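Colleague: Need coordinates for the below:
(2 chains)
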Amino acid sequence: MTTQTQTPPHTPVDPVRHEPGPRVAGGLFDPGQLLRSVPDAVRKLDPRVMAKSPVMFVVEIGSVLTTVLAVADPGDWFGWVIAAWLWLTVLFANLAEAVAEGRGKAQADTLRRAKTDTVARRRTGAGSEELVPGTDLRVGDLVVCEAGDVVPGDGDVVEGVASVDESAITGESAPVIRESGGDRSAVTGGTKVLSDRIVVRITARPGETFIDRMIALVEGAARQKTPNEIALNILLASLTVVFLLAVVTLQPFAVYAGAEQSLVVLAALLVCLIPTTIGALLSAIGIAGMDRLVQRNVLAMSGRAVEAAGDVSTLLLDKTGTITLGNRQAHAFLPVPGTGEAELADAAQLSSLADETPEGRSIVILATSRYGPRERGPGAPAQADWVPFTAQTRMSGVDTDGRQVRKGAAGAVAAWVRDRGGDVPDTVRDMADTVAESGGTPLLVAVADDRGARVLGVVHLKDVVKEGMRERFAELRRMGIRTVMITGDNAKTAKAIADEAGVDDFLAEATPEDKMALIKREQAGGKLVAMTGDGTNDAPALAQADVGVAMNTGTSAAKEAGNMVDLDSNPTKLIEIVEIGKQLLITRGALTTFSIANDVAKYFAIIPAMFAAAYPGLDRLNIMQLSSPESAILSAVVFNALVIVALVPLALRGVRYRPVSADRMLRRNIGVYGIGGLVAPFLGIKLIDLVVSLIPGIG
Amino acid sequence: MSPILADVLQVSALVAALALVHRPLGDYMAGVYAGKRHSRVERWIYRAVGADPDAQMRWPAYLRAVLAFSLAGVLFLYLLQRLQDRLPLSLGFAAISPDQAFNTAASFVANTNWQSYSGESAMGQLAQTGGLAVQNFVSAAVGMAVAVALIRGFARARTGELGNFWADLVRGTLRILLPMAAVAAVLLVACGAIQNFSGTQSVTTVTGQTQHLTGGAVASQEAIKDLGTNGGGYYNANSAHPFENPNGISNLLEIFLLLVIPFAMPRTFGRMVGSVRQGYAVVAAMAGIWLAGVVAVTWLEAAHPGTAAQLAGGAMEGKEQRFGEGASSLFAVSTTMTSTGSVNSFHDSFGGLSGGVLLSGMMIGEIAPGGVGSGLYGMLVMAVVAVFIAGLMVGRTPEYLGKKIGPREMKLAACYILVTPALVLTGTALAMATGNGESSMTNTGPHGFSEVLYAYTSASHNNGSAFAGFSANTGFHNTALGLCMLLGRFLPVVFVLALAGSLAGQRPVPASAGTLRTDKPLFTGVLVACIAIVAGLTFFPSLALGPLAEGLAA
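Modeller: Alright, predicted model coming up:
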C-alpha cells in the first residue's frame, strides 16, 4: 500500500470510514515507507535541523566524534563499528520523523492539485463583471460562480443557491447545497459549482484560504511544539545533561581505578544512557497524532487543540444529529376507543405510503414490522389517488373508492376532519397532549368514508437515540468525562431523551447565550470543554470552548472560530477526537517510560565491560554473561539503535487505547512499558551478543 | 534475646513511636503555619527585625528574604569564628582559619553541619552555643518555611502569594523546634547526657595520664542537632561520644528525634492541601525507602564475611559496644537518609555494600524522609516528575493536586533534580582530577574513592556525615565542600520557591475518574521507582567504582 492510497481527501468516500469499527487506530504501517523515507532522513542530518531535538543532537555529536577518532586510528575496527552504529541511531530517528511526515506530504500533494489557478468573475461597482486571476481577489470582493466554475476563494454565498461538489476537500462525492443566508452559506475555494448560479463574498485572502491552511497542516509546516511536548523535551534534555555529567566525570574516577576509558567507549555509554528512544520518536508521535485526525477527516488548526482534547472533562453535544438520529420515528400506535390498533396501523401505513419523509417511512416500517406486510388486493392500489406530503398541507394520504385516509400534523388533520363534518373528541386532544409531554410528536390518523369523517388514533413519533450512544456515554464517564446534551426542546422532553441516552446533564431550550454561559461556568471550575457547532451563532461558543469542532457544512464564521474542522460534519466524532488526544499523550508517556527503563540493562552490560578488568568483582554485574567487553558495548549500542526502528510502527499507530479509568490504564501501561522496558533490553542485548560473538575476533 | 529479635523490636518500637506522633505533630505544624495570631514574643521579634508578619510575599520576595537571612547567618558565623580569640567564652581557643571558618559557616547555615573542625579542641562555648546551635534552629526553620511555601503553592489558587517568610521562620523556631528541643534536652539529660558551662576539666586516669574533658551545653545542642536534622556534634566523635549519647535508650531517642519532624511533614502537607491521603502516599514512599535501607544495612553488616566479624556476631569495627551492630546500622541509615549527618558509628568502617547503601540514601536526594522541610520539598519535586511521566500514561496533561505540570513547572523541577548530581559529580571529579582527592584518602583502592565520593555527596546533599578516614581540613576541600553545601542548599530553594509561585498562580483542575490518583499505593510505587531509577542511573557508574567494586570483590 502506498501513501497515496491512505484515504487521501480526493479519493471517493471509503464506506468503511464511517463505520464505528476499530476505535482509535491509525493507518497501517508499511515497511516500504521506511525505505522511501531514507533520502529525507539523510537530509535531516543537517545539524541545524538536529539541534531542535537535544537528545538526538548529542547522539550526532557523538557520531562525529567517534568517526573522527576512527579516522585517526583506522586500524581500530571497534571504533569504526561503534561510529557506524551511532550514525545509524541518528538516521533511524530521522527516519521515524520522515516516515511520519511522508504520510502528510502525500495528502498535501492531492490538495495542491485541487488548488489550480482559477479565473474569477468579479463584480465591479457598476454592476458589470470583470475577469481577474483568483490570486488577485481581496476580502469583500463579490464573485459570480455558475455551473462548472471552480469557486475562486473562500467566502459566503450572498445570493442564490447552488449544488457544490466539495470532494476535493471532504472526499465526499455527493454534492452539497450551498445557499445564501442561514448556516449553509459557506463555500470553500477549490470546490466546484455543479448547478445554478451563486454570488460569493470573498472572506479570505489568497494564500490564507482553508485549502492553504490544510496543506500547511498536513505537511507539518505549521507544526509547532505543543506545551506538553515542550515540557517533555525539557525533562529529556535535563536527563541528557545528567548523563552527560555522569559520563564526563567518569573518566577521572576511571583513571584513579587504573582503567582509563577510550573516548569511543565513553561516547557509546553516553548514547546508550540518554533517552534516545523517546528522543528519536517524539516528533513522529506528534505528527502521527495529527495525522490520525486527518485520516478521520478532522483538521486540527493546532497541535495544542489535539492535546487539549485529551484533557477535556466536559463534552457539550447537540441533541439532534449527535445523540439522536436527525429525524423522529414512529414509536407507537395509540387508537381512540372503539378502534383496534391493527386498524389504526393499517390506516397509518396506507396514508404514509405517499409520504417520502423519513417520518413517513418510519410509520410504514413500524406498521409492517408489527402487523406484517399489508395484504394488497390486486387493483386496490391501482385505483388509489395518492396525496403526497407537502409542507403546506402537512398531511399525506390516499383516496380510494369512497374512502379517504389522511395522516399528518395534529392541527391539520383535525381541521380536515371538521371540514368533512366529523368530530374530534377531547380524548384525541388528551392523547396528543400526553405524547407531546413525553417528548414525542403526535400525528393524527383520520379516515372519511361512508361512516363519516373521524379520527382513528394517534401515531407517537419519537426522537430515536442513536444505537450504542448509551454505552459510549458510560465509557466517557469511566474516563472522567461529563456529557451535557444541548437541545432547543423544553425541559420535559429534554429530560426524557437525556435519561434514555444516559447523558449526565442537559441544557434545555438552549440559546447561544445559554451555551456560552455554560461553557464559562465549566471553565471557571477549571474544566476543559469541548463542543461542536455549525451555525454563525455558535461561533462565540466555539471560540470560547477549549476544543471547538466546527462542521464543514457550517458557516465560515463557525469554521473560523473553532480550532478543528470536521470535514464529514459528523458531530459524534467529538468522542473520537478526545480519544485521539488521549492516545497521543499516552504514547508519549509510554515510550518515555520504556526509554528510561531500558537504561538499567544497558548499565549491566556496559559497566562490567568497562571496569571488570580493573575490579574483577564487578564481573558479577555481568548478569547477562555477555561474551566480551567489546561485544557487550557493541550489543548495547546496536540494541539502542534497533529499538528505535522496532518502535516506529507503535509511534505512528499510537499505543492501544481503551476507555477505562485512570487507575486501570496506569497499571496496564506501567506493566507493559515500564516492566517491559526493564526486561526487554536484557533479552535483546543478550540475543545481539550471541550473534555478535559469532563474528570472528569479537567473541 | 537474639540480636535479630532485638533489632526487630527496636525498629518496631521506633516505627510505632513515629506513627503515634505523626498525626498530632503533623496537624499541630499545619496549625502553626496556618495560624493568624502572633504571640507577644513574636511581635517583639518582628518589630526588632522590622518585618510585617501579615504581609503576603510572592515567590521572589520570599526567596529574597530566605537568601538575605541566610547570607547574614553566614557572615555572622564567619566573624564569630574569625574573632573567637578576642571574644569571651572562647575556652582559650584560637581564631579559626579563613577557609575553615567559611566552610563551617556555610555548613551550619546550609543545615549540613559538615564539621571540618574538631568540636572539643577548636570551638569555644560562644561559638558552639551562641553561633552554631542558633543556626541549628534557624537553618532548620528555613527549610521548613520553604517546604510550607511549596505546600501553599499547591494549596492556593490563582494567587502568587506564598505566605510570609519571617512569620514562617519565627513560628517554626519558637512554636515547633524550641519547645520540642527543650523536652528532648531534658530527656537526654535524664538519660545521662551532660549539660553544664564548666569548661575543661582535667582528670588523672587510672594509668596516671591526664585527660582533658571539655564540658558544655551538650544535651541542649544534641537535642536540636538531631531534631533539626543538623548533625553537628559538640564533640568530634558526635553521637558515638558517651557525653552526647550515653546509652541504648538515648540512642533510640536520638534516632526518633532525627526522624520525627521529617516523617510528620507529609501530614502537614496533607492537612494544608486538604487531603490527608495525599500526605499518606508521600509518607509511604519515604518510609518504604527508609525501611528498605535499614533492613539492607542491618543484614549486610550482620552477614559481614570477615572472621572477626563473624565471631563478634557482626561487623563491629568502628561501632560502639554500647549500641551494637543493629542500633548502629539503624542510626547510620536514619542519619544519612535525613540529611542529619550525626553518627554513632563510623561509616568508613561499614562494609563496601552497606557503605553503598548509606551513600545511596543521600544520592536519592535526601528525601526519605530527608531533612526537616527539605525532605518534603525534595520529595514533592520528585512527585512532580513522577506525576509527569505517569500522568501522560493515563492520557491527560499531567497534573498534581489539580495543578498542571506544564513547561515552566517541568523546567523548574528539572533544574532542581540537576543541581545535586551536578555538584556531587563535578566536585568529586575535580577532586580526583587535581589529586586533592587522593591526597586526603586514608585508604587506597575503591574504598579510598568512596571516601571522596562520600564527602562530596554528603556536602552537596547537606547531610554532613563523613567517611571518617577522609581528611577534609585542607584549603581545597574546605572551599570546594563549602561551595557544594551552599549551592546544594540554596539553588534548590530558588527552584522550589519559583515552582511554588508558578503553582500558586494556577487555577486547579477538578479531579475526575480520568485523573491520575496520587493518593493511592500505585502512585507511591511509581514515585519510589522514579526516585530509584533517576538516582540509580545518575550514580551507578560512580557507585560501581567505589562501594560496588569493594563489596563485590569479597
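
Colleague: In the stretch 501-650 of chain A, which residue sits nearest chain B?
Modeller: Residue of the stretch 501-650 of chain A nearest chain B, by CB to the nearest CB: residue A:589 (2.6 Å). Where C-beta positions appear, they are placed from N, C-alpha and C, glycine not excepted.

Colleague: Also the stretch 401-550 of chain A?
Modeller: Counting by CB to the nearest CB, the stretch 401-550 of chain A gets nearest chain B through residue A:480, at 2.8 Å.

Colleague: pretty sure that residue is touching residue B:514, no?
Modeller: Yes - the criterion here is CB atoms under 8 Å, and residue A:480 meets it with residue B:514 at 2.8 Å.

Colleague: The two: who's more crowded?
Modeller: residue B:514 (25 against 19; other CB atoms under 10 Å in any protein chain shown).

Colleague: For the residue of the stretch 401-550 of chain A closest to chain B, give its distance to residue A:469.
Modeller: Separation of residue A:480 from residue A:469 (CB to CB, to the nearest Å): 18 Å.

Colleague: Likewise for residue B:236?
Modeller: Residue B:236 is 77 Å from residue A:469, by CB to CB.

Colleague: Compare those two (neighbour count), which wins?
Modeller: Just comparing residue B:236 and residue A:469: by other CB under 10 Å the higher neighbour count belongs to residue A:469, 20 against 15.

Colleague: What ranges does the stretch 51-200 of chain B have for its strands?
Modeller: B:200-204 (DSSP state E, counting those that start in this stretch).

Colleague: How about the secondary structure of residue A:156?
Modeller: Three-state call for residue A:156 (DSSP: H, G, I helix; E, B strand; the rest coil): strand.

Colleague: er, residue B:299 actually
Modeller: Applying three-state DSSP: residue B:299 is helix.

Colleague: tell me the pLDDT at it?
Modeller: The score at residue B:299 is 92. That number is its pLDDT.

Colleague: about what we covered before: does the residue of the stretch 401-550 of chain A closest to chain B count as helix, strand or coil?
Modeller: Quick answer, by three-state DSSP: residue A:480 is coil.

Colleague: For it, give its distance to residue A:200.
Modeller: With CB to CB as the criterion, residue A:480 and residue A:200 are 44 Å apart.

Colleague: average pLDDT for the helix or strand harbouring residue A:578?
Modeller: Element membership for residue A:578 (DSSP states H and E) is helix A:573-611. Here helix A:573-611 scores 92 as its mean pLDDT.

Colleague: residue contacts, residue A:660?
Modeller: Taking CB atoms under 8 Å, 6 or more residues apart in numbering or on different chains as the criterion, residue A:660 is in contact with A:478-479.

Colleague: So residue A:153: helix, strand or coil?
Modeller: Three-state call for residue A:153 (three-state DSSP): coil.

Colleague: contacting residues around it?
Modeller: Counted by CB under 8 Å, 6+ apart, residue A:153 has contacts A:120, A:134, A:137, A:143, A:189, A:200, A:202, A:204, A:206, A:209.

Colleague: Make CSV from those residues and add distance to chain B to it.
Modeller: Listed next are these as CSV, based on distance: CB to the nearest CB, whole Å:
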residue, distance to chain B
A:120, 45
A:134, 41
A:137, 40
A:143, 44
A:189, 35
A:200, 41
A:202, 39
A:204, 32
A:206, 36
A:209, 32
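
Colleague: Now the two most distant members of the residues you listed.
Modeller: Spatial extent of these (CB to CB) is set by the pair A:200 and A:206 at 14.1 Å.

Colleague: So which of those two has more stuff around it?
Modeller: residue A:200 (30 against 18).

Colleague: export stretch A:236-255 as CSV, just CAs?
Modeller: Presented in CSV, the C-alpha positions along stretch A:236-255 are these (Å, rounded to 0.1, in the frame of the first residue of the first chain):
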residue,chain,number,x,y,z
LEU,A,236,14.6,14.7,28.3
ALA,A,237,17.1,17.5,28.0
SER,A,238,17.7,17.5,31.7
LEU,A,239,18.2,13.7,31.7
THR,A,240,20.7,14.1,28.9
VAL,A,241,22.6,16.7,30.9
VAL,A,242,22.6,14.4,33.9
PHE,A,243,24.0,11.5,31.9
LEU,A,244,26.5,13.8,30.1
LEU,A,245,27.8,14.7,33.6
ALA,A,246,27.8,11.1,34.7
VAL,A,247,29.9,10.1,31.7
VAL,A,248,32.2,13.1,31.6
THR,A,249,33.1,12.8,35.3
LEU,A,250,33.6,9.1,35.0
GLN,A,251,37.0,9.5,33.4
PRO,A,252,38.8,10.9,36.4
PHE,A,253,37.3,8.1,38.5
ALA,A,254,38.3,5.5,36.0
VAL,A,255,41.9,6.9,35.8
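
Colleague: Quick one: residues contacting the residue nearest to residue A:491 when sequence neighbours are not counted.
Modeller: Nearest non-adjacent residue to residue A:491, counting by CB to CB, 6 or more residues apart in numbering or on different chains: residue A:508, 4.2 Å away. Residue A:508 makes contacts with A:487, A:489-491, A:493-495, as judged by CB under 8 Å, 6+ apart.

Colleague: next one: residue B:263
Modeller: Per CB under 8 Å, 6+ apart, neighbours of residue B:263: B:18, B:22, B:283, B:286-287, B:369.

Colleague: Quick one: classify it as helix, strand or coil.
Modeller: Under three-state DSSP, residue B:263 comes out as helix.

Colleague: May I ask which helix or strand encompasses residue A:81?
Modeller: Residue A:81 belongs to helix A:77-114, assigned by DSSP H and E.

Colleague: For the stretch 351-500 of chain A, which residues are neighbours of chain B?
Modeller: Proximity of the stretch 351-500 of chain A to chain B (CB under 8 Å from any CB of the partner chain) is limited to residues A:477-482.
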